[in-house]
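Participant: What shape does this take:
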Amino acid sequence: VGVGQIMEPMCVLRLLLAKSLKKCGLWEDAWHTLQAGSDPECAVVCSVGLECALAYQKAKLAVYALKELASRLRRQPAGVDDSAQSGREPSETELADLNLWHQRAQHSLNKFDTHAVDDEDLSKGK
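Facilitator: From the prediction side, this is the model:
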């Protein structure tokens, strides 16, 4: 969303709420808050610039969640007999979470690329 553009107040609130939820580690709630900005009821007032901003913020959130999940795995010891290793293999649930956030990041980046309007937008995605 460019400097000269005005965003709907509800869209601004969604972006701010998602940012706060992310900082609290509530990634899933932050994701759903950003997803709500793409709902059909919001799409009526949504500009291409706002869709681009939402996709960008969703991609940032997903990459952040991936980095945090991977970091947690690295910090956890592999086991009592294997204390020299740093980290351990992820469980099936952790692997599913990693895959989910990876898919979300990829999908959001692809959507961002389709909505990016100018070079400034595109430079954010790099």
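Participant: Packing partners of the longest helix that the chain contains?
Facilitator: The residue-count maximum for a helix in the chain (DSSP state H) belongs to helix 48-75. If contacts are counted by 3 or more C-beta pairs under 8 Å, 6 or more residues apart in numbering; DSSP states H and E, helix 48-75 sits against helix 9-23, helix 27-36, helix 92-115, helix 119-124. From N, CA and C alone the C-beta is placed, and that goes for glycine too.
Participant: looking at those, which is closest to Gln76?
Facilitator: Closest approach to Gln76 among the helices and strands packed on helix 48-75 is made by helix 92-115 (9.9 Å; C-beta to C-beta).
Participant: Outside of that closest one itself, list whatever touches it.
Facilitator: 27, 31, 48-49, 51-52, 55-56, 58-59, 62-63, 65-66, 69-70, 73, 90, 121-122, 125 (C-beta atoms under 8 Å, 6 or more residues apart in numbering).
Participant: Report the rounded mean pLDDT for stretch 62-76.
Facilitator: Stretch 62-76 carries an average pLDDT of 89.
Participant: Identify the residues contacting that stretch?
Facilitator: The contact list for stretch 62-76 (C-beta under 8 Å, 6+ apart) reads 22, 25, 27, 31, 86-88, 90, 94, 97-98, 101-102, 104-105, 108.
Participant: Those, buried ones only, as a PyMOL selection?
Facilitator: To isolate the buried members of the contacts of stretch 62-76 in PyMOL, using 16 or more other C-beta atoms under 10 Å:
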select buried, resi 22+27+31+90+94+97+98+101+104+105+108
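Participant: The contacts of stretch 62-76: which two are farthest apart?
Facilitator: Ser86 and Ser108 (30.0 Å).
Participant: which one of the helices and strands packed on helix 48-75 is the most hemmed in?
Facilitator: Neighbour counts (mean count of other C-beta atoms under 10 Å) averaged over each of the helices and strands packed on helix 48-75 peak at helix 27-36, with a mean of 19.
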